[in-house]
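>>> Structure for this input, please:
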Amino acid sequence: MTPPRPPHDAPGAVELVEAVRELLEGEVSQATSGRTRYQVRVAARALAIVERELAAGDALEEAHAARLAGLGFHSDRELADAIRSGSLDGRWDEVAAAVRSLVDDKLAVANPDYTEDGTPPPS
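I've put the predicted structure just below:
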């Protein structure tokens, strides 16, 4: 259980979002059909993303800022501009590793079912 952030009491945001997601995935999904059932699934998946983002806290943001700083930048835009200009061509391995880590962090929140190589798992 993720403790709530002060000054809030339990249940915290993660547990509240989880409870709503579970309700949607269970009773609500079973009681609906067609387009409404599809929309319930989309809402439940969106809540799962919010859960993972809340659970990660500041860790992913801090890791991203550290990666950018390690490359000498403060923002994604600065990094993108440098890549476009070719000024980082001599640091390809370092830049590629940072971008891979960024994508891994994004996928860990958005869709952790994707494999390391970026392809969906077999169905």
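>>> Ignoring the adjacent residues along the chain, who's closest to the residue nearest the centre of the chain?
Centroid-nearest residue in the chain, with CA atoms, centre = their mean: Val109, separated by 2.4 Å. What sits nearest to Val109 in space, not counting adjacent residues and going by CB to CB, 6 or more residues apart in numbering, is Arg52, at 4.6 Å. Using the backbone N, CA and C atoms, a C-beta is placed for each residue, glycine as well.
>>> thinking that neighbour is in contact with Asn111, fair?
No - using CB atoms under 8 Å, Arg52 is not in contact with Asn111; the gap is 9.5 Å.
>>> For the residue nearest to the centre of the chain, give me its contacts.
With contacts defined as CB atoms under 8 Å, 6 or more residues apart in numbering, Val109 is in contact with 49, 52-53, 56, 60.
>>> just the buried members of those residues?
The neighbour-count test (16 or more other CB atoms under 10 Å) marks 52-53, 60 as buried among those.
>>> which among the residues you listed gets closest to Asp81?
If you rank the buried ones among the contacts of Val109 by distance to Asp81 using CB to CB, Leu60 comes first, at 22.7 Å.
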